[in-house]
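Q: need a structure here:
(chains A and B)
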Amino acid sequence: MRLNDLGHLLQVMGTFLGLSLFSLGGGNTLLTEYHHLSVEQYCWLRPSQFADIYALAEAAPGPSSMIVGLLGMGAGWPEGPGWALLSAYGAEIAILLPSTLLMVVACLSWNRLRDSPWRVAFERGLGPITLGILFAVGVKILKTADTNAAGVVVSLLVCVLMLRTRISPLWFMAVAGGLGAFGLINR
Amino acid sequence: MTESPAPGTTPSPPGLRQLFTGMLMVALSAFGGGLSAWSQRIIVEQRHWMSNEEFLTGLTVARLFPGPNQINMAVYVGTFFRGLPGALAALAGMLLVPFTLLMGVGLLYFQFHTLPALDRVLAGVVAAAAGMALSMGFKILDQYWKDPMALVLAAVTFVLMTFFHVRLVPLVLVAGPLAMAWYWPRPSHPPAPQGERR
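A: Take a look at the predicted model:
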């Protein structure tokens, strides 16, 4: 039984190790992949739980990539809180390790990399792809949130306010949470 | 980049413990948001570890390479002074408090998310979070307006992922090299001066 759990943990870590180097544009490009893995492929989470976890990670202080810790926690939860925590730490370490090692190499060799045509092509070429991925991520999260019409209106309004104002997003979440508590937004 | 920093920045480069506590301070200061601004304030203005120019170079590298920008920035600062051990110390300082806190919230969530009252509040919060996710693409759209090829690439990427359910890894592995070939710097029109992009 324990051996089975350990195998599960290693599977979770292996999954995230492989994704680490594809976290372009600050890491948010991986969200559709996180959704696919945790909801469709491994069934760690129900769709509504994925939406909840994304919201929690966005609301929490600190880098947003910490959502991976929560995904790992969801994967380990059926085996108890202890394994859930272990799985959470394992998943977070796995998603950060490869990109961290690459960053160390980048820092040490930046003087040579800076004027390399590879760097210029990488930066310019991957930028537009990142842009397309981020739009796909936005639509995916909106679909996963799966709220009623009032909720979709709130989502669109928050999107505009995020672009036009400098109000802290925590306010939007607090107000929307209140609307949910009163039953105006539901799913 | 590994040699000691330019004169005038700091007399003695920070050790592992200082890197850890410095990043801890950044993480704690940024609880209301603005992680990037806080790391600049603490690393450049308060502790004088790096000059502003060195910090901005780090930010460029952090944004270019895969991984979360702020985590990459911590890794850059750590590596800059103490190599790999420094990177790990900075990373640990940056993540310790926020991650522990989030894990506490996560345990509470998985324990109690079936409570109807909590679920109703979360339904609202999720709607706001979806709006935040939707704004990410628009936020960087401006810088690509004058480049039709970039817009085509972005549109094709979006359509493939959203309507044809193409997965991220194969998509990047195929489209990435094609886009890189298109944007390969040509000698006929030299690239923009260094440090001017973004």
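Q: Near residue A:127, how many residues? Count them for me, please.
A: Per other CB atoms under 10 Å in any protein chain shown, the neighbour tally for residue A:127 reads 23. Backbone N, C-alpha and C define where each C-beta goes, glycine included.
Q: Now do the contacts for the closest residue to residue B:21 other than its chain neighbours.
A: Once flanking residues are discounted, residue B:21 sits nearest to residue B:93: 6.5 Å by CB to CB, 6 or more residues apart in numbering or on different chains. Applying CB atoms under 8 Å, 6 or more residues apart in numbering or on different chains, we find residue B:93 in contact with B:19-24, B:26-27, B:74.
Q: just residue A:73 next, same as before
A: So residue A:73 contacts A:84-85, A:87-88, A:91, B:103, B:106-107, B:110 (CB under 8 Å, 6+ apart).
Q: Any figure for the gap between it and residue A:30?
A: 17 Å (CB to CB, to the nearest Å).
Q: got it, and residue A:81?
A: 26 Å.
Q: can you check residue A:132 too?
A: Residue A:132 is 14 Å from residue A:30, by CB to CB.
Q: and what of residue B:160?
A: The spacing between residue B:160 and residue A:30, counted by CB to CB, is 16 Å.
Q: So between the two, which is more surrounded?
A: A direct count of neighbours by other CB under 10 Å for residue B:160 and residue A:30 places residue A:30 higher, at 26 against 19.
Q: Could you find the closest non-adjacent residue to that one?
A: Take residue A:30 and drop its neighbours on the chain: the residue closest to it by CB to CB, 6+ apart is residue A:23, 5.0 Å away.
Q: Got phi/psi on the one you found?
A: Backbone torsions of residue A:23, given as degrees, to the nearest 10, read phi -80, psi 80.
Q: okay, it: pLDDT?
A: We have a pLDDT of 91 for residue A:23.
Q: Please, which helix or strand holds the residue nearest the centre of chain A?
A: The centroid of chain A falls nearest to residue A:31 when counting by CA atoms, centre = their mean (4.5 Å). Using DSSP states H and E, residue A:31 maps to helix A:31-35.
Q: how about the CA coordinates for that helix, as PDB?
A: The C-alpha trace of helix A:31-35 is given here as PDB (Å, rounded to 0.1, in the frame of the first residue of the first chain):
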ATOM      1  CA  LEU A  31      -2.300  26.400 -16.800                       C
ATOM      2  CA  THR A  32      -4.100  24.600 -19.600                       C
ATOM      3  CA  GLU A  33      -1.600  21.800 -19.200                       C
ATOM      4  CA  TYR A  34      -2.200  21.700 -15.400                       C
ATOM      5  CA  HIS A  35      -5.900  21.600 -16.100                       C
END
